[in-house]
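>>> Below: sequence and its predicted model.
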There are 2 protein chains.
Amino acid sequence: MSRVTIKEIARRCGVSQGAVSYALNNQPGVSAATRARVLKVAAELEWVPNRAARQLSAARSETFGLVLARSAQTLVEEPYFMGFVGGVQSVLSDKSYALALQVVADLDEEQATYRKWAAERRVDGVIVVDLRVDDPRIPLLRKLGLPAVLVGDPALADGMPCVWTDGTAAMNAALDYVASLGHRSAARVAGPPEYGDVWIRDRAFDVAVRRLDLEGQVCHTDFSAVEGAAATRELLTVGPRPTAIIYDNDLMAVAGLAVVQGLGLRTPDDVTLVAWDDSTLCRITHPALTAMSHNIVGYGAEVTHRLLDLLNGARPQAHLYSTPLLIVRDSSGRPPS
Amino acid sequence: MSRVTIKEIARRCGVSQGAVSYALNNQPGVSAATRARVLKVAAELEWVPNRAARQLSAARSETFGLVLARSAQTLVEEPYFMGFVGGVQSVLSDKSYALALQVVADLDEEQATYRKWAAERRVDGVIVVDLRVDDPRIPLLRKLGLPAVLVGDPALADGMPCVWTDGTAAMNAALDYVASLGHRSAARVAGPPEYGDVWIRDRAFDVAVRRLDLEGQVCHTDFSAVEGAAATRELLTVGPRPTAIIYDNDLMAVAGLAVVQGLGLRTPDDVTLVAWDDSTLCRITHPALTAMSHNIVGYGAEVTHRLLDLLNGARPQAHLYSTPLLIVRDSSGRPPS
DNA sequence: CTGATAAGCCGAACCGGTTAAGTAACGGCG
DNA sequence: CGCCGTTACTTAACCGGTTCGGCTTATCAG
């Protein structure tokens, strides 16, 4: 219950408040001896800087913002986000930065949040996820002058600093693998096409399907288990049945697996399934799901480092994090003959 | 984006800063006419209070703290937390409170975080989850004078305000159901026994097993899919095989289902599975899992309301949120004859 | 010995609000 | 008419830091 202030330290050291501030912030203006004395007293009194005061005068909040514009339901279902947040946190807590996490319903609310944060000076910078095609958040952030790192392909980032994974290469790898198993048809259960990542994978899928001379079809969903299941059911029961299905996340892949089993089909004997965004989910099903794996926690950490760099004056640039890696498990195999 | 301050509003309205503050905070001391004028100007200028300044003078941060002391891995796997956080957020954003979310490795770090927050005056109150038996956080929070609402049984809360669900009643309901199907044996794949909820369910399980004259056995795990799978494998392959298994979360139940299938057994024909903490996971497996369901999002919201009440001077008390409800799906049935 | 330079420190303004204390005007009442 | 209690503001202190201009004093070149 100490409530130790800089003034108290100044009193005990017999110097002014200003000198104490310089000493504590490792800035020139005090002698080594005084600095040492101040630091010693501060440590003895267990002084902790008052965030509000520091923020008010220094105009730094030492807080990053992250807005998630997805339904509460999606957030609960998708392991992706918690992992990403965990990665962000791991970096921030080292630097004793804080994270302002806000869950909102849609992009409009997300933009309102940015306006509010910018006006309140609540955050030093933001991490922007779920990049869209022609994302309206980009001009807004520019206008607000809010430092930001976007999570997504440079093609979508319009010159803003971003961190990305190569979705095109990953889609190529996935389809090369499927084709190499002998499949002649492949379906894609995709997220909403307005999502930048989905858009990029859509295009990559089209190109790769033509290149490999496969029968390709695409179903767009909202990323949810329900729609993933529905899409799978339709693919397997209506029209020519694809022998391989590639999902845009692991949740839909797991839901798809249940549909396959519910229809009395077998995986991979009747149909090959490939998930995206590999998480534990893919490992605990039976059979375990083949997936395009990438390290979400590391991704969150990487993005956070880039934002810190940006605030330290680094030049904005696109930064390739990694390319998802195909992890072959038990849900993929040769097509039925 | 020049920042609008209260001073600017005062200038334009021709009144003092103080008057503006009274007007904006709905406090007596200004006439209705002046108040209206101030509010109008503030709206026109799109004034937003500077959080740091307000916090510094009013000693309120309008921020709640939530520390999650689990491995990043667990957080990623368990849908529970994201749902809880979502519920907390939904209440806070209405009140324009913020949430400081911190992910740490263990209870020691969690306590260090509370110390830091208390010293910095960073949060007005905290929400404490994963209550333990003889939880060391309780005396610490008392000492720090940090307002807190605990999530857990009053028996564990030592008089601190808490919100709980009746784990004993839920366990009774689960075992009554299993016994009513004709099962004579039941196993429990539990979390770590130092967790208060686990402890309570352990005791309830023992009592109910005796009451119903069942063969009971308990395996303790770390809540993870890996250990849940291992426990299931052991139960089904070593010694007398239980005909029903009750899990402490849904993740382990899903992992258990995969083990059952991997062993060539069928659910529910060979073994009945019951999950806890019902989430989408339980619905998207095949067969879908019978579960003790409770509304995590609502739980988070409820806890947050209690903390707000507490800060508004409400008397600390225990508050029963709800009792988990048994949702019967396809993983439970009569035991093999 | 003198003047310039710089290191070390002080005092005070400042960030943007909240709030206690003080003041002027007004109206009711004996 | 004078006294008193409200009402509606204003003034200024304060929260706990950061930072800038300026004052001493020591150092050193000329």
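Nice, thanks for sending it over.

>>> Skipping its backbone neighbours, what lies nearest the residue of the stretch 101-250 of chain A found nearest chain B in space?
Going by CB to the nearest CB, chain B is nearest to A:Ala119 of the stretch 101-250 of chain A, at 3.9 Å. Any C-beta I mention is one placed from the backbone N, CA and C, and that applies to glycine too. Distances taken as CB to CB, 6 or more residues apart in numbering or on different chains put B:Val48 closest to A:Ala119, at 3.9 Å, once the chain neighbours are dropped.

>>> And A:Val91, by the same measure?
Per CB to CB, 6+ apart, closest to A:Val91 is A:Thr304, 4.1 Å.

>>> Now do the one you found against A:Ser93, distance only.
Distance from A:Thr304 to A:Ser93, counting by CB to CB, to the nearest Å: 10 Å.

>>> Looking at the two, which is more packed in?
Between A:Thr304 and A:Ser93, A:Thr304 has the larger neighbour count (other CB atoms under 10 Å in any protein chain shown), namely 27 against 17.

>>> Next, the more buried one: secondary structure please.
What DSSP: H, G, I helix; E, B strand; the rest coil gives for A:Thr304 is helix.

>>> the bottom helix or strand of chain A by mean pLDDT?
helix A:72-77 (a mean of 74; mean pLDDT, DSSP states H and E).

>>> Next, count neighbours for A:Val163.
Neighbour count for A:Val163, taken as other CB under 10 Å: 25.

>>> Spell out which helix or strand contains it, please.
Using DSSP states H and E, A:Val163 maps to strand A:162-165.

>>> hmm, who's touching that strand?
For strand A:162-165, contacts defined as CB atoms under 8 Å, 6 or more residues apart in numbering or on different chains pick out A:131, A:149-154, A:156-157, A:294, A:299, A:302-303, A:306, A:318-324.

>>> Within range of DNA strand C, give me the residues from the stretch 51-200 of chain A.
A:53, A:56-57 (CB under 7 Å from any atom of the strand).

>>> Does A:Val259 touch A:Leu235 like I think?
No. Counting by CB atoms under 8 Å, A:Val259 sits too far from A:Leu235 to count as a contact (9.2 Å).

>>> Mind listing the shared neighbours of the two?
Common contacts of A:Val259 and A:Leu235 (CB under 8 Å, 6+ apart): none found.

>>> Could I get the contacting residues of A:Arg201?
By CB under 8 Å, 6+ apart, the contact set of A:Arg201 is A:167-168, A:170-171, A:188, A:190, A:248.

>>> Which of those fall within helices?
Those of the contacts of A:Arg201 mapping onto helices are A:167-168, A:170-171, per DSSP state H.

>>> contacting residues for A:Leu24?
Applying CB under 8 Å, 6+ apart to A:Leu24 gives the contacts A:6, A:38-39, A:42, A:47, A:49.

>>> what pLDDT does it get?
As predicted, A:Leu24 sits at a pLDDT of 93.

>>> same question, A:Arg60
pLDDT, A:Arg60: 82.

>>> For the stretch 51-200 of chain A, which segments are assigned as helices?
For the stretch 51-200 of chain A, applying DSSP state H, counting those that start in this stretch gives helices covering A:51-58, A:72-77, A:79-94, A:107-120, A:137-144, A:154-157, A:167-180, A:196-212.

>>> could these go into TSV alongside distance to A:Ala225?
Shown next, in TSV, are these (distance: least, CB to CB, whole Å):
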stretch	distance to A:Ala225
helix A:51-58	40
helix A:72-77	6
helix A:79-94	12
helix A:107-120	23
helix A:137-144	27
helix A:154-157	26
helix A:167-180	21
helix A:196-212	17
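
>>> before we move on, back to that, just give me the closest of the ones in helices among the contacts of A:Arg201 to B:Ile127.
Ranked by distance to B:Ile127 (CB to CB), these are led by A:Gly167 at 37.3 Å.

>>> Chain B contacts on the stretch 101-250 of chain A?
Contact residues, the stretch 101-250 of chain A versus chain B (CB under 8 Å from any CB of the partner chain): A:101-104, A:116, A:118-122, A:143-145, A:225, A:229.

>>> are any of these buried, and which?
A:101-104, A:116, A:118-122, A:144, A:225, A:229 (16 or more other CB atoms under 10 Å in any protein chain shown).

>>> Which pair of those spans the longest distance?
So, those by CB to CB: farthest apart are A:Arg121 and A:Ala229, at 45.2 Å.

>>> Which of the contacts of A:Leu24 fall in helices?
When DSSP H is applied, the contacts of A:Leu24 are split such that A:6, A:38-39, A:42 fall in helices.

>>> between these, which is nearest chain B?
A:Ala42 (12.3 Å).

>>> What segments of the stretch 201-337 of chain A are helices?
A:225-237, A:250-262, A:280-284, A:296-311.

>>> Who are the packing partners of the shortest one?
Taking 3 or more CB pairs under 8 Å, 6 or more residues apart in numbering or on different chains; DSSP states H and E as contact, the helices and strands that helix A:280-284 lies on are helix A:250-262, helix B:72-77, helix B:225-237, helix B:250-262.

>>> For it, what is the distance to the chain centroid?
Taking CA atoms, centre = their mean, to the nearest Å, the mean C-alpha location of helix A:280-284 is offset from the chain mean by 19 Å.

>>> Could you do the last one as well?
Between the centre of helix A:296-311 and the centre of its host chain there is 10 Å, according to CA atoms, centre = their mean.

>>> now the first one
The chain centre lies 26 Å from the centre of helix A:225-237; the measure is CA atoms, centre = their mean.

>>> who in the stretch 101-250 of chain A is up against DNA strand D?
Within the stretch 101-250 of chain A, no position is adjacent to DNA strand D by CB under 7 Å from any atom of the strand.

>>> residue of the stretch 101-250 of chain A with the smallest distance to DNA strand C?
When scored by CB to the nearest atom of the strand, the stretch 101-250 of chain A has A:Arg121 as its residue closest to DNA strand C, at 7.6 Å.

>>> which ones are touching that residue?
A:55, A:59, A:61, B:3, B:50-52.

>>> Distance-wise, check it relative to DNA strand D.
A:Arg121 is 13 Å from DNA strand D, where distance means CB to the nearest atom of the strand, to the nearest Å.

>>> same check, this time on A:His305
A:His305 is 23 Å from DNA strand D, by CB to the nearest atom of the strand.

>>> can you check A:Pro287 too?
Separation of A:Pro287 from DNA strand D (CB to the nearest atom of the strand) stands at 57 Å.

>>> Count the residues that sit near that residue.
For A:Pro287, the tally of surrounding residues (other CB under 10 Å) stands at 19.

>>> ok, so what distance separates it from B:Asp206?
From A:Pro287 to B:Asp206 the distance is 37 Å (CB to CB).

>>> ok, now A:Arg233?
Distance of A:Arg233 to B:Asp206, given as CB to CB: 44 Å.

>>> Grab the most central residue of chain A for me.
A:Phe84 (5.0 Å; CA atoms, centre = their mean).

>>> Hmm, that one is touching A:Ala301, no?
No. Applying CB under 8 Å, one finds A:Phe84 not in contact with A:Ala301, separated by 9.3 Å.

>>> Spatially nearest residue to the residue nearest to the centre of chain A (excluding sequence neighbours)?
Per CB to CB, 6+ apart, closest to A:Phe84 is A:Gly300, 4.1 Å.

>>> For DNA strand C, give me its nearest residue in the stretch 51-200 of chain A.
The stretch 51-200 of chain A approaches DNA strand C most closely through A:Ser57 (3.4 Å), counting by CB to the nearest atom of the strand.

>>> got a list of what that residue touches?
Here A:Ser57 is in contact with no residues (criterion: CB under 8 Å, 6+ apart).
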